[in-house]
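> give me coordinates for this.
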Amino acid sequence: MTPSIAPALRTVTLGCKVNQYETEYVRQGLLGIGYRDALVDEPAALCIVNTCTVTAQGDSKSRQIIRQLARRNPAARIVVMGCYATRAPDELAALPGVTEVVTDKRELPDLLGRFGVVDVPRGISSFGSRHRAYVKVQDGCLLRCTFCIIPLVRPAMYSRPAEGVLDEVRRLVDAGYRELVLTGIHLGHYGVDQNRGRAKHDWLRLSTLLERIARLPGEFRVRLSSIEATEVTRELVAAMAEHPRRICPHLHVSMQSGSDAVLARMRRRWGSRRFVDRCRLVQAALDRPALTTDVIVGFPGESDDDFAATCRVVEEIGFSKIHIFPFSPRRGTPAADMADQIAAPLKAERVRRLGELERHLRRRYFKNLLGRQLEALLEAPVEAPVAAMQGIPAAESGSRQSWLAGTTCRYAPIRVRAPISRLGELVKVRAIAFEGNQLVGETLADC
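Modelled structure (predicted):
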């Protein structure tokens, strides 16, 4: 296809990092045979929608986006994939403009083949215009948490062979990506499906994969996405401790509740003390690690004492960030039919109270980073912080320096002054002020 007649492609992704990776995989396969990204107001010939079904709101938003695409791209073929497509393909197939529904993510190579892709990619080589890239290493979940629909739509466990992951990491580093985020539906179960029949010393584990990635050459760092507490093993923590410059000292450990009674109704695999012990293991082995988490507020039957227990555990651990979700019944899950559903006003009040505690803990953790040398990935230009008027020297006229927003190794957002040409780079910074929900710093490397 010549550029003048190359068909325009538009992709839309809802949901998690795994979805974002899978959309990019399909996008790159289609660009390889002559498609091009559609301009902002240009009608597309093909639209790919990657849906999410974690909540009913995710379903609703997916349908809304598909209808908007059909109106704005009247001649387009609309292909729908993702977890909602797996759960309710007929609902999506009936929407305007939808020509195909992909019900199984394992069919993505076949989808590309139907569009004429002969050399189906084994991974990705870029991640759009972003400065960090996601690397999917695992798919599927075998757990049966009572609030979660995902095991019903992604039940097949699959771990990518380590060599394929390493090749993809090399390509992305060569392409200039300086932060890579390992992701999966159940990341800590990486290798479980491949270890059957293997001697234990030859097992494939997340810790061994992380070790191999850490030893690759190049300037980059690697971060883990969400992981379950039971998979925060001593081997994983040891790998992080051995490579502090390569592996970000940050773990997102999903808690959901600090009440043992609620955890039992959720059908989680641990109690609150075991969860705290795993977090303490990380904090003892690493230098001021960032711990972030998810909490569901207002799960059926959650009493005032249950909520108070959650707040106590949250404060004891000292999370630097908490994703707070009011419980939303998901049709098809056991929790949706449980008795003692919590009234919306009470859920909202508990969300507010936990949010206040989260902000306090975040300020405490960030202030603990003041004066420390950190490493930041510079990602976007921003306005000068107020702190710049209160002791941080302003840029000299003609210095070609701007205020840039970045993310530190410890997952703290930061603003620093640096040449805009350094966007996408890892730079050494020192945190010198705290403003709002982020740090303000100065660069230490020669800019």
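> excluding chain neighbours, what is closest to Pro89?
Closest residue to Pro89 apart from its sequence neighbours, by C-beta to C-beta, 6 or more residues apart in numbering: Val101 at 4.5 Å. Quick note: C-beta positions are derived from backbone N, CA and C, even for glycine.
> any idea how far the one you found is from Val237?
From Val101 across to Val237, the span is 42 Å (C-beta to C-beta, to the nearest Å).
> looking at those two, which is more packed in?
Val101 (23 against 20; other C-beta atoms under 10 Å).
> longest helix in this structure, please.
Assignment by DSSP state H gives helix 344-367 as the longest helix of the chain.
> list the helices and strands that one packs on?
Secondary-structure packing of helix 344-367 (3 or more C-beta pairs under 8 Å, 6 or more residues apart in numbering; DSSP states H and E): strand 290-297, helix 304-317, strand 321-326, strand 426-435.
> what do you get if the cut-off is 6 Å, keeping everything else the same?
strand 290-297, strand 321-326 (3 or more C-beta pairs under 6 Å, 6 or more residues apart in numbering; DSSP states H and E).
> how about it: buried residues?
Lys347, Arg350, Val351, Leu354, Leu357, Glu358, Leu361, Arg362, Tyr365, Phe366 (16 or more other C-beta atoms under 10 Å).
> pairing partners for the helix or strand that it is followed by, with directions?
Per DSSP states H and E, the first helix or strand lying C-terminal to helix 344-367 is strand 373-381. Pairing partners of strand 373-381, with direction, according to DSSP bridges: strand 401-408 (antiparallel), strand 426-435 (antiparallel).
> report the mean confidence score over strand 373-381.
Strand 373-381 carries an average pLDDT of 96.
> what's that strand in contact with?
With contact meaning C-beta atoms under 6 Å, 6 or more residues apart in numbering, strand 373-381 is reached by 131, 178-179, 402, 404-409, 414, 422-423, 425-427, 429-430.
> strands of the stretch 51-200 of the chain, residue ranges please.
Remark: strands assigned in the stretch 51-200 of the chain by DSSP state E, counting those that start in this stretch are 77-82, 98-101, 132-139, 158-159, 179-184.
> show me what the third one pairs with in its sheet, parallel or antiparallel.
Strand 132-139 pairs in its sheet with strand 158-159 (antiparallel), strand 179-184 (parallel), by DSSP bridges.
> quick check: which of these is nearest to Glu107?
Glu107 lies closest to strand 158-159 among the strands paired with strand 132-139, at 12.9 Å (C-beta to C-beta).
> so Gly441 sits in a strand?
Yes: according to DSSP: H, G, I helix; E, B strand; the rest coil, Gly441 belongs to a strand.
> which residues touch it?
Gly441 sits next to Ile414, Val416, Val429, Arg430, Ala431, Ile432 when contact means C-beta under 6 Å, 6+ apart.
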